[in-house]
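A.B. asks: following is a predicted model, sequence given first.
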Amino acid sequence: MHELDRAQRFTAELHSKSKEAKKVKLKLAAHEQHDKEEFEQIVKSLLLETPLKDVELEIELVSYKYKCNVCGLEDEVPFKPIRCSECSSPDIEVAPDFEIIEIE
C-alpha cells in the first residue's frame with residue numbers, strides 16, 4: 001500500500017512538470033531492491049493510458065533522511081523513521097521519500 005501511495009504522488013508530480021518526458025531520473029528512499037521494483041511496476045501501470053506511458057525511469061536508491069526537532073540530530077537510516085535514534089523523540093521531520101532529479 002505504501003508503494004501505491006508513493007507512486008501516485010510521483011506520477012502526479014511528473015504530470016505537473018512534464019507531458020512529454022522520455023526519461024526521468026529520481027532518488028527513491030527505499031529499504032530494499034524489491035521496493036524499487038514494486039514502485040516501478042506501479043508507476044508503469046499508472047502511466048499506461050497517458051502520454052508518458054513509455055517514459056524510462058532511472059532510479060537511485062537512497063536512505064531515508066530525517067532531522068530531530070528536539071536534539072537537532074540529522075541522520076540517514078535504511079527504513080522510514082518514526083522517532084529519533086539519539087533521543088527517541090517522535091518529533092522528527094522526514095525528508096520526502098522521492099525526489100525528481102532530472103526530466104528529459
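C.D. replies: That came through, no problem. Residues are numbered from 1 along each chain as shown.
A.B. asks: run through the protein and note the low-pLDDT ranges.
C.D. replies: Scanning the chain for pLDDT under 70 picks out 1.
A.B. asks: which residues in this structure form helices?
C.D. replies: 2-17, 33-47 (DSSP state H).
A.B. asks: tabulate the ones you listed (a markdown table), appending distance to residue 97 and mean neighbour count.
C.D. replies: The way it works is simple: take the backbone N, C-alpha and C, and place the C-beta from them, glycine included. Converted to a markdown table, these look like this (distance: least, CB to CB, whole Å; neighbours: other CB atoms under 10 Å):
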| stretch | distance to residue 97 | mean neighbour count |
| --- | --- | --- |
| helix 2-17 | 6 | 15 |
| helix 33-47 | 10 | 16 |
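A.B. asks: nearest to residue 70, of these?
C.D. replies: helix 2-17 (25.9 Å; CB to CB).
A.B. asks: dump that closest one to PDB, keeping only the CA atoms.
C.D. replies: Coordinates of each C-alpha in helix 2-17 appear next as PDB, following Å, rounded to 0.1, in the frame of the first residue of the first chain:
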ATOM      1  CA  HIS A   2       2.900   2.400   0.800                       C
ATOM      2  CA  GLU A   3       4.300   2.000  -2.700                       C
ATOM      3  CA  LEU A   4       0.900   2.700  -4.300                       C
ATOM      4  CA  ASP A   5       0.600   6.000  -2.400                       C
ATOM      5  CA  ARG A   6       4.200   7.000  -3.300                       C
ATOM      6  CA  ALA A   7       3.700   6.000  -7.000                       C
ATOM      7  CA  GLN A   8       0.500   8.100  -7.200                       C
ATOM      8  CA  ARG A   9       2.300  11.100  -5.600                       C
ATOM      9  CA  PHE A  10       5.200  10.700  -8.000                       C
ATOM     10  CA  THR A  11       3.000  10.400 -11.200                       C
ATOM     11  CA  ALA A  12       1.000  13.400 -10.100                       C
ATOM     12  CA  GLU A  13       4.200  15.400  -9.700                       C
ATOM     13  CA  LEU A  14       5.600  14.100 -13.000                       C
ATOM     14  CA  HIS A  15       2.400  15.100 -14.900                       C
ATOM     15  CA  SER A  16       2.500  18.600 -13.400                       C
ATOM     16  CA  LYS A  17       6.100  19.000 -14.600                       C
END
